[in-house]
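*Asks:* what's the 3D shape of this:
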Amino acid sequence: MICIDSDVFLIDLRYPTDPRAPVTRQFLEEVARSGLGATTVFNLLEVTGILSFNLSQPQVVEFYVHFPTRYRVRVLPYHDPVRSVPGLRIAELLRVMRWKASFGDALIAALVNRMRDVRAFVTWNEDHFRGRIAVPVFTPETCPWPLPGS
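*Replies:* Now for the predicted structure:
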């Protein structure tokens with residue numbers, strides 16, 4: 001499974017003129033075809049929050065609900081908005097933050113580090129995660145396809 005960071009989705013959704021947009025779109029299409037894509041609930045909430053400034057209240061909920069179908073990704077650990085992430089300890093976040101990470105990045109890294117079936121993490125912000133996450137970090141441009149071992 002390949003876990004995808006918020007920025008990849010945001011470029012696709014909000015910045016179609018960004019020079020990275022074509023590579024991003026191609027990467028997301030390959031991920032959708034493969035069935036190997038995932039993102040964390042924290043990433044989905046971050047994307048939803050950023051887009052909420054341009055969406056109506058019902059659209060915010062609709063976006064959150066339909067996101068996994070739109071991109072054909074799993075939401076880790078689950079998509080249910082009523083549940084919480086059990087057992088996520090502050091110590092796990094601080095372990096990541098010691099290596100200079102924001103709260104949001106630390107949340108994502110701590111969750112990905114718990115998921116045994118994640119084989120790679122894809123982001124345009126490699127510097128935010130390299131050395132802070134237990135799997136190889138790639139950009140949509142450098143991610144080997146298909147992912148070795150998948």
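
*Asks:* C-alpha only now, for contacts and for neighbours.
*Replies:* Will do.

*Asks:* buried residues of stretch 87-100, list them for me.
*Replies:* Residues of stretch 87-100 classed as buried: E92, L93, L94, V96, M97 (neighbour count, 16 or more other CA atoms under 10 Å).

*Asks:* could you do stretch 15-30 as well?
*Replies:* R20, A21, T24, R25, F27, L28.

*Asks:* what ranges do the helices span in this protein?
*Replies:* Along the chain, counting by DSSP state H, helices occupy 6-14, 21-34, 41-51, 57-71, 90-97, 103-114, 126-129.

*Asks:* just the residues contacting the last one, thanks.
*Replies:* Residues lying outside helix 126-129 but in contact with it, judged by CA atoms under 8 Å, 6 or more residues apart in numbering, are A101, D105, A109, V137, F138, T139.

*Asks:* repeat for the third one
*Replies:* Taking contacts as CA under 8 Å, 6+ apart, the residues outside helix 41-51 that touch it are 5-6, 9-10, 60, 63-64, 67, 75-79, 104, 107-108.

*Asks:* next: the longest one.
*Replies:* Contacts to helix 57-71, defined as CA under 8 Å, 6+ apart, come from residues L28, A32, L44, L45, T48, L51, S52, R74, V75.

*Asks:* one step back: let's have the buried residues of stretch 15-30 in TSV, adding distance to M115 and pLDDT.
*Replies:* Formatted as TSV, these follow (distance: CA to CA, whole Å; pLDDT from 0 to 100):
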residue	distance to M115	pLDDT
R20	28	98
A21	28	98
T24	24	98
R25	25	98
F27	22	97
L28	21	98
